[in-house]
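**Q** turn this into a structure:
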Amino acid sequence: MIALLLSLVFARMPLAQEGLVIPFDVRAKQTLLMGTGAATGTPYYDVVITGQPTQGILIKLPYTKKGGKFSFDLHHRIGMTPDFGFPAEVTTVVEVLSGGTTSLGVFTIAGKINGGDKFDEPVVKASSAEIDKFVMPMSRKTCTLDIRPGPQSISIVGQMLIITRDTTTTRVDTPGTRIAVVSNFKFEETPVGAPLGK
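**A** Numbers count the residues shown, from 1 in each chain. Take a look at the predicted model:
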């Protein structure tokens, strides 16, 4: 009898609320759209090295009372040409800026790229230029950051690309160079009943 009573009490207790996924605006320049996933329709955007947030992947987040979590997938941007020089150890570094030049975090993806490697989804390219047909995202890492309450605009910008082949290392940090790809943006608002962080 007591077990039945307890089960009824627990059944009537409110379940823990999960964050609500809410819409937001991606305001990246159309020239930064690499393409869309053939299977999912997911947009893939090129990330350029820049210190100017307006030149990055601009995202306008909605007003929230308690903030939330923003996430995106980070990929290497590799020209899979026969003369690329496989295998290669590749490290790609991007930064998320807010409020002009305030850094919300630096994110890195690193790994080995071999000739013949394929991305996990074919990408239908936005550009028909000959050089772009070899360029593709490679690997996938989900990056998550905390977003403060209120309205906020953020920008994903490139910092550097490091490619190591045998004993030769090349570092790319020239402004305007496309070094990464981002996709799968999500913004989840913190539930209203969630406790405040310490």
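**Q** wait, isn't Gly68 in contact with Glu189?
**A** Yes. Look at Gly68 against Glu189 with CB atoms under 8 Å: they come within range, at 4.2 Å. All C-beta spots, glycine's among them, are computed from the backbone N, C-alpha and C.
**Q** so for those two, which sits in the more crowded spot?
**A** Gly68 (25 against 21; other CB atoms under 10 Å).
**Q** and that one, what's its pLDDT?
**A** On pLDDT, Gly68 comes in at 92.
**Q** looking at this, Leu104 is in a strand?
**A** Yes. According to DSSP: H, G, I helix; E, B strand; the rest coil, Leu104 belongs to a strand.
**Q** so what sits opposite the residue nearest in space to the middle of the chain in the bridge?
**A** By CA atoms, centre = their mean, the chain has its centre lying nearest to Phe72, at 2.9 Å. Judged by DSSP bridges, the bridge partners of Phe72 are Cys143.
**Q** so what secondary structure elements neighbour the helix or strand hosting Val124?
**A** Using DSSP states H and E, Val124 falls within strand 123-125. Packing partners of strand 123-125 (3 or more CB pairs under 8 Å, 6 or more residues apart in numbering; DSSP states H and E): strand 33-37.
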